[in-house]
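**Q** no sequence for this one, just the structure:
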């Protein structure tokens, strides 16, 4: 017997009391623009109060960044008191960061697509552009504690429910899973396959086997969590996130009880058929 929520229509998806708020937006641009606006708004409000802003940022989804860069440059939004803590990075077989010029490098993407495009007079110092480091995984949780916590964690949802690279592990209790902090891990076959299709033209044999990821602990303890989904296979993922049981077998389900979380999806994902 299959799970009934996989066949929920758009109306049922949003109307049957989902476990987290599901916001349906017109298209990819609307979802990404909304994420960028929320990033900019948080930073502006904190700047006005003389407060720092700490954001956990993904590379996937990435569609928000062109809008964000444009807003920062046009509205003169200073990032001098902003910390971007990126979620994760691929590692080579020696469990070191892949080269910044590798086509899959998240560090390379952020440099080329975000930091190089923001006006230098507005850009935060380099030490405030943080990636988890396989040599010092404890640095990210320690930094977050020192900074007083994360204001917003932005992210997507992977094929097996992972957020960042916190891969599903049904052998763990929910409590044990939620206690996991930044660490190095092996990427599952499902995630490698989905990412090869989505990001690397299907070149599965050249997909990295390892990554360093921010922990589900750091994500769960952010003051706000904002997720966005837009791919065709997200149709099933968002339905399970909204209606499935909380389980370490589908990590995003462990976040749905967060007091300030929402999931923005496109009309395409909300619909069951094209």
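**A** Right, received. Where do you want to start? Treat the numbers as computed from the prediction; the structure is a model and nothing was measured.

**Q** buried ones in stretch 10-21, by neighbour count?
**A** By neighbour count, and taking 16 or more other Cβ atoms under 10 Å as the criterion, the buried residues in stretch 10-21 are 12-14, 18-20. C-beta: built from backbone N, CA, C; applies to glycine.

**Q** nearest to residue 114 among the residues you listed?
**A** Nearest to residue 114 out of those is residue 20 (Cβ to Cβ; 27.5 Å).

**Q** please flag which of the buried residues of stretch 10-21 sit within helices.
**A** When DSSP state H is applied, the buried residues of stretch 10-21 are split such that 12-14 fall in helices.

**Q** quick one: secondary structure of residue 265?
**A** Following DSSP: H, G, I helix; E, B strand; the rest coil, the label given to residue 265 is strand.

**Q** quick one: contacts for the residue lying closest to it once chain neighbours are set aside?
**A** Spatial nearest neighbour of residue 265, excluding adjacent residues (Cβ to Cβ, 6 or more residues apart in numbering): residue 229 at 4.8 Å. When contacts are counted by Cβ atoms under 8 Å, 6 or more residues apart in numbering, residue 229 is found next to 156-157, 237-238, 263-266, 269.

**Q** any of these buried? List them.
**A** Of the members of the contacts of residue 229, the ones counted as buried by neighbours, 16+ other Cβ under 10 Å, are 156-157, 237-238, 263-266, 269.

**Q** quick check: of those, which lies closest to residue 212?
**A** Set against residue 212, the nearest of these by Cβ to Cβ is residue 156 (17.7 Å).

**Q** list the contacts for the closest one?
**A** 58, 60-61, 163, 227-229.

**Q** equivalent analysis for residue 150, please.
**A** In this structure, residue 150 makes contact with 54-56, 85, 144, 218, 221-223, judged by Cβ under 8 Å, 6+ apart.

**Q** save these as CSV, and put in neighbour count and secondary structure too.
**A** Listed next are the contacts of residue 150 as CSV, based on neighbours: other Cβ atoms under 10 Å; DSSP: H, G, I helix; E, B strand; the rest coil:
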residue, neighbour count, secondary structure
54, 25, strand
55, 21, strand
56, 26, strand
85, 23, strand
144, 23, helix
218, 26, helix
221, 17, coil
222, 24, coil
223, 14, coil
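
**Q** how about the helices in the stretch 1-150 of the chain?
**A** All helices of the stretch 1-150 of the chain, identified by DSSP state H, counting those that start in this stretch, fall at 10-15, 28-48, 64-75, 106-113, 139-147.

**Q** of those, give the one that comes closest to residue 204.
**A** Judged by Cβ to Cβ, the one of the helices of the stretch 1-150 of the chain that comes nearest to residue 204 is helix 106-113, at 18.9 Å.
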